[in-house]
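Participant: this one's sequence-less:
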């Protein structure tokens, strides 16, 4: 599947390493250049170059905006060989936007064990890789659907735009509204060994600072981030009362 995507999109398979932990994780990723630009300076990278992250991008590609895709649960980027799983990939590429996809720990060929804390660590490593290794200079955005809303919400201070699509505010509300009862929340805590996710708090953690910007000059120098939330009232997995939209609204009103 990796080879098919590389040939179809002139894409490059790369590895991103999280060096912040004692047991270094290895993240399985792929970079897709937008259709309006030529990705490589000379020629597509060889297998050895991809494995060692020795990828050279053209100046045009590096200056283009790039979106990081954070998948929903049970989804990994190799599934994008199917048209039904490549909708968002093609959406961004056709609009002149590069796409960078990555698999969570334990998904695809990514190494390590996933946890709420590892989401933020790994996507932070991805952003550092794009800026420091690939030397991207264009605008940077993150799109996350469902489970992907966790790492996406953590990036509001480091990116130019985040889009959280049909995701939840926190795991406690998710359990309560999915099974309608506090017992469900207690069972979830036991089964997940106390996992806690506060996407609503992370999404709004710079909320007050954002509105304290008073001049255009300060606005240009600040880490301004456009934030978009989508919700489906008929979603069978994420109840609207447990959605990030509802959690953010409650946080703002407090």
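Facilitator: Perfect, I can see it now. Bear in mind the structure is a predicted one, so any value in this text is a computation, not a measurement.

Participant: that's a strand at residue 162, yeah?
Facilitator: Yes: assessed by DSSP: H, G, I helix; E, B strand; the rest coil, residue 162 belongs to a strand.

Participant: quick check: it vs residue 201, distance?
Facilitator: Residue 162 sits 14 Å away from residue 201, going by C-beta to C-beta, to the nearest Å. C-beta here means a position set from N, CA and C on the backbone, and glycine is covered the same way.

Participant: comparing these two, which residue is more hemmed in?
Facilitator: residue 162 (27 against 15; other C-beta atoms under 10 Å).

Participant: in contact with the more buried one, which residues?
Facilitator: By C-beta atoms under 8 Å, 6 or more residues apart in numbering, residue 162 lies in contact with 141-144, 152-153, 155-156, 203, 225-228.

Participant: make it 6 Å
Facilitator: Contact analysis of residue 162 by C-beta atoms under 6 Å, 6 or more residues apart in numbering lists 142, 152, 155-156, 227.

Participant: for residue 150, same thing?
Facilitator: Here residue 150 is in contact with 119, 197, 199 (C-beta under 6 Å, 6+ apart).

Participant: out of those residues, who's the most crowded?
Facilitator: Neighbour-wise, the contacts of residue 150 (other C-beta under 10 Å) top out at residue 199, 27 neighbours.

Participant: next step: the contacts of residue 150 restricted to helices.
Facilitator: Members of the contacts of residue 150 lying in helices (criterion: DSSP state H): 119, 199.

Participant: can you list the domain ranges for this protein.
Facilitator: Following automatic domain parsing, one finds the domains of the chain at 2-165, 169-226+240-254.

Participant: how close does the spatially most central residue of the chain sit to residue 252?
Facilitator: Centroid-nearest residue in the chain, with C-alpha atoms, centre = their mean: residue 70, separated by 3.4 Å. Using C-beta to C-beta, we find residue 70 at a distance of 23 Å from residue 252.

Participant: now residue 79
Facilitator: Distance of residue 79 to residue 252, given as C-beta to C-beta: 36 Å.

Participant: and residue 25, by the same measure?
Facilitator: 34 Å.

Participant: next one: residue 63
Facilitator: Residue 63 sits 35 Å away from residue 252, going by C-beta to C-beta.

Participant: about what we covered before: in JSON lines: the domains of the chain, plus distance to residue 233 and mean pLDDT.
Facilitator: Output for the domains of the chain, formatted as JSON lines (distance: least, C-beta to C-beta, whole Å; pLDDT from 0 to 100):
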{"stretch": "domain 2-165", "distance to residue 233": "14", "mean pLDDT": "87"}
{"stretch": "domain 169-226+240-254", "distance to residue 233": "5", "mean pLDDT": "75"}
